[in-house]
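Peer 1: Fold the following for me, if possible:
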Amino acid sequence: MHYLTTVDASKFFIQTSNTSEKVKPVLDGAVKVAPLVIGFSEIEWLTLQLRGPVRLVSKEELSLVHEIHYKKHPGAEKCKDDPETVFAEFTPSWWRFTDLTTDPETIIEM
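Peer 2: Numbers count the residues shown, from 1 in each chain. Below you'll find the model as predicted:
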């Protein structure tokens, strides 16, 4: 799954397939609240957990998203014209950063 953020990380744009479970609830144009987690491995014990509204990017917005997204992920452009490819916009309304490598562990939440 490829994603990008606005400069201030106030929005995430996620490229995925319209058959993906993560976008099925918004295929009809609905806006739903969803979680997003970035990171976590047993090598790097860091996570960013987020929650907020998600919606599909409209056809009118796609050209701007494509321009930015495919500069960051040029290999993903092969899916650009695939009719199953969609972009979801996620806007965090809550987040928590966790660093389990510190003692005590670091947890910052907003």
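
Peer 1: partner strands of the top strand by length along the chain, parallel or antiparallel?
Peer 2: In the chain, taking DSSP state E as the definition, the longest strand is strand 46-56. Using DSSP bridges, the strands paired with strand 46-56 are strand 32-39 (antiparallel), strand 85-90 (antiparallel), strand 94-99 (antiparallel).

Peer 1: Mind telling me what element residue 101 is part of?
Peer 2: Using DSSP states H and E, residue 101 sits within no helix or strand.

Peer 1: mind checking the end-to-end distance for stretch 30-43?
Peer 2: Terminal residues of stretch 30-43 are spaced 38 Å apart (Cα to Cα, to the nearest Å).

Peer 1: sorry, that was for stretch 33-52
Peer 2: OK, stretch 33-52 end separation, Cα to Cα: 5 Å.

Peer 1: Likewise for stretch 93-110?
Peer 2: Stretch 93-110 stretches 9 Å from its first residue to its last (Cα to Cα).

Peer 1: how far does that stretch sit from the chain's center?
Peer 2: Offset of stretch 93-110 from its chain centre (Cα atoms, centre = their mean, to the nearest Å): 19 Å.
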